[in-house]
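Student: predicted structure and sequence below. I'll ask about it afterward.
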Amino acid sequence: ATFAVVSDASDDGRSVPTVVEADRPDPPASSAASPVPGVNIAKLRPPRSATTIVGRDRLRSLRPDPGSAPVVSVVAPAGYGKTTLLSEWAVHAPPPVLWVTLDEHDDDPIRMVMHLAQAAVEAGGSSPTLEEVMREPGASVWTSLVPRLAAALGSLGPHILLLDDVHTVTAPESLDVIEWLAMHVAAGAQIVIGGRPAPGPRLIRLRAAGDLALLGPSELALTDAEAYELLLERGRTFSPDEAARSNQACEGWVIGLLLSAGLTGGAPDLADRSSRDAAQLAEDYISSEILGALTPDEADFVLGASVLRTGSGPLCDASLDRTDSRVLLERLCADSAFVTWLGDGWCRLHDVLRTALVSRLERDDPARASAIRSRAAAWQAEHGTPESAVHYSIDSGRRDETVALFRRFMVTEYSGGRQATVESWLDWAEAEGLLGDPLLTLGGAMVAALSGKPERAEALAATPTDAPSLATAPYSVSYTHLTLPTSS
């Protein structure tokens with residue numbers, strides 16, 4: 001079994017990568033004389049590619065025995081290899097094997113059942129008048145098609161029916177058909193449902209009864225050894241330890257690891273044409289498979305919130321100039337595996353996705369990225385988290401605001417035992433040439449002296465400042481003054 005990343009053309013002509021299983025044999029010839037008009041035979045074939053990336057024999061062992069789990073639900077975000085897993089099972093399962101890739105057009109239950117019926121007929125299933133009913137215009141789903149489809153599936157004996165991309169179907173009547181099939185699996189048969197959302201309530205009841213096996217990201221996630229092999233195949237010069245660290249940071253997400261390899265130290269030279277193509281594939285993947293699954297407002301929210309390390313409703317409202325962030329975060333946490341609930345109203349984006357989105361925002365709209373960080377810094381400062389405030393302010397590039405935060409919090413942070421934090425601020429200010437600010441310089445000298453670093457204290461005290469000497473300045477500076485949030 002192999003992973004392959006192939007480029008498929010989307011409706012608007014863009015190149016969209018998908019993870020599929022590679023080097024697979026051709027399907028058996030159809031036993032039906034001809035497909036029913038309106039049936040797309042390509043939907044009845046697992047995807048294939050000739051591009052090998054990494055072997056994953058482990059996937060074969062994930063399929064439970066049909067006797068113990070007649071229904072299997074494979075639920076994971078885009079890029080975890082759900083299609084690869086289902087394809088692996090389709091190739092190695094004993095026949096008959098039925099495959100249907102669902103899409104948004106299957107919100108029409110007649111169309112969906114027609115494809116299911118065609119798959120059953122091709123696999124050798126028989127049912128009186130099934131093919132005739134399939135060709136009748138206006139056939140009823142529940143009184144004509146579903147009963148005959150069930151009979152055809154039952155006539156196959158032990159078999160496996162794999163339904164891929166179930167998340168694209170949203171119409172209740174079509175979902176009712178899928179759940180009905182899952183609740184009426186023939187003896188010795190198995191139905192596998194692959195998609196992104198969690199199974200519906202009726203399928204959850206099957207799990208409670210012990211008839212449904214649920215596989216998720218933890219089962220599909222790359223092992224460290226698989227991650228190392230994947231990176232080698234992609235031409236990345238990672239050691240096994242580096243590959244393991246990258247894989248753990250990506251939480252085993254296949255596409256995440258590939259994106260990470262193109263965003264971090266193992267990145268290829270983007271002057272190379274093939275590398276530019278790979279970067280474009282990553283960009284297209286995020287746009288199509290992740291942001292494309294959201295509403296425009298949700299996508300814009302996620303893009304803006306990507307600059308926040310973690311987000312809450314109030315922080316996102318302040319940073320993004322909104323009033324509905326809490327509702328959006330709750331919805332995204334419930335519907336997207338890329339947004340993780342941390343508790344107490346806080347969430348985070350998957351790190352690899354966040355890195356990619358931040359890069360996009362900084363490239364396409366740097367002013368917006370800076371403004372979001374500036375507002376986030378102000379919110380964090382007002383809510384008693386000066387370290388986060390300073391981090392956001394530094395990243396915003398607004399140095400005057402950052403210096404004001406240093407002056408406001410430097411001594412109080414030191415008094416709270418965060419000496420290393422304050423010293424890192426001073427190091428940054430010195431590297432940026434900002435020690436000409438009198439309060440910042442004197443505060444730094446005081447902190448250095450209290451930390452037992454007289455040489456640094458003397459150097460800071462002797463640093464020329466932009467203000468008159470303290471002896472003639474229209475204000476005095478004291479330890480007490482520096483602990484107060486004022487520049488008076």
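Tutor: That came through, no problem.
Student: strands of the stretch 151-300 of the chain, residue ranges please.
Tutor: 160-164, 190-195, 212-215 (DSSP state E, counting those that start in this stretch).
Student: dihedrals phi and psi, Gln419?
Tutor: phi -60, psi -40 (degrees, to the nearest 10).
Student: that older thread, which stretch among the strands of the stretch 151-300 of the chain comes nearest Gly311?
Tutor: strand 190-195 (26.5 Å; CB to CB). For glycine as for every other residue, the C-beta is placed from the backbone atoms N, C-alpha and C.
Student: C-alpha coordinates for the closest one, CSV please?
Tutor: Coordinates of the C-alpha atoms in strand 190-195 are reproduced here as CSV (Å, rounded to 0.1, in the frame of the first residue of the first chain):
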residue,chain,number,x,y,z
GLN,A,190,-19.5,-4.8,6.3
ILE,A,191,-20.2,-1.2,5.4
VAL,A,192,-17.4,1.3,5.8
ILE,A,193,-18.3,5.0,6.0
GLY,A,194,-15.5,7.5,5.5
GLY,A,195,-15.9,11.2,6.1
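Student: would you mind pulling up the elements that it packs against?
Tutor: strand 71-75, helix 82-92, strand 160-164, helix 172-183 (3 or more CB pairs under 8 Å, 6 or more residues apart in numbering; DSSP states H and E).
Student: distance to Ser424 and mean pLDDT for those - can I get that in CSV?
Tutor: Listed next are the helices and strands packed on strand 190-195 as CSV, based on distance: least, CB to CB, whole Å; pLDDT from 0 to 100:
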stretch, distance to Ser424, mean pLDDT
strand 71-75, 42, 92
helix 82-92, 43, 88
strand 160-164, 50, 96
helix 172-183, 53, 90
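Student: minimum distance to Glu362: which of those has it?
Tutor: helix 82-92 (31.4 Å).
Student: low-confidence ranges in the stretch 251-400 of the chain?
Tutor: 259-285, 289, 336-337, 351-352 (pLDDT under 70).
Student: at 80 instead, please
Tutor: 251, 253-290, 293, 334-344, 350-353, 355 (pLDDT under 80).
Student: all helices of it, in order?
Tutor: Applying DSSP state H, counting those that start in this stretch to the stretch 251-400 of the chain gives helices spanning 254-263, 273-285, 296-305, 313-320, 325-335, 351-364, 366-382, 386-396, 399-415.
Student: let me have those helices in JSON lines, extended by mean neighbour count and distance to Thr421.
Tutor: As requested, those are exported to JSON lines (neighbours: other CB atoms under 10 Å; distance: least, CB to CB, whole Å):
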{"stretch": "helix 254-263", "mean neighbour count": "24", "distance to Thr421": "27"}
{"stretch": "helix 273-285", "mean neighbour count": "16", "distance to Thr421": "35"}
{"stretch": "helix 296-305", "mean neighbour count": "18", "distance to Thr421": "25"}
{"stretch": "helix 313-320", "mean neighbour count": "20", "distance to Thr421": "20"}
{"stretch": "helix 325-335", "mean neighbour count": "17", "distance to Thr421": "28"}
{"stretch": "helix 351-364", "mean neighbour count": "18", "distance to Thr421": "23"}
{"stretch": "helix 366-382", "mean neighbour count": "19", "distance to Thr421": "14"}
{"stretch": "helix 386-396", "mean neighbour count": "21", "distance to Thr421": "6"}
{"stretch": "helix 399-415", "mean neighbour count": "20", "distance to Thr421": "6"}
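Student: need those helices in a markdown table with distance to Ile191, can you?
Tutor: Output for these, formatted as a markdown table (distance: least, CB to CB, whole Å):
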| stretch | distance to Ile191 |
| --- | --- |
| helix 254-263 | 25 |
| helix 273-285 | 29 |
| helix 296-305 | 31 |
| helix 313-320 | 40 |
| helix 325-335 | 24 |
| helix 351-364 | 31 |
| helix 366-382 | 46 |
| helix 386-396 | 48 |
| helix 399-415 | 58 |
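Student: skip the chain neighbours and tell me the closest residue to the spatially most central residue of the chain.
Tutor: Geometric centre of the chain, nearest residue: Phe338, 3.7 Å, by CA atoms, centre = their mean. Take Phe338 and drop its neighbours on the chain: the residue closest to it by CB to CB, 6 or more residues apart in numbering is His350, 4.6 Å away.
Student: against Leu130, how distant is the one you found?
Tutor: Computed as CB to CB, to the nearest Å, the His350 to Leu130 distance reads 45 Å.
Student: same check, this time on Ser319
Tutor: Taken as CB to CB, the span from Ser319 to Leu130 is 58 Å.
Student: cool, and Val339?
Tutor: From Val339 to Leu130 the distance is 44 Å (CB to CB).
Student: now do Thr310
Tutor: If you go by CB to CB, the gap between Thr310 and Leu130 works out to 55 Å.
Student: quick one: which of those two has more around it?
Tutor: Between Thr310 and Leu130, counted using other CB atoms under 10 Å, the more crowded position is Leu130 (22 against 13).
Student: surely the more buried one meets Gln118?
Tutor: No: shown here, Leu130 and Gln118 do not form a contact pair, counting by CB atoms under 8 Å, at 10.0 Å.
Student: neighbours of Gly384, just the number please.
Tutor: 8.
Student: equivalent analysis for Asp57, please.
Tutor: Asp57, neighbours per other CB under 10 Å, totals 10.
Student: for Lys43, see how far away it is.
Tutor: Taken as CB to CB, the span from Asp57 to Lys43 is 27 Å.
Student: same deal with Glu330?
Tutor: Distance from Glu330 to Lys43, by CB to CB: 35 Å.
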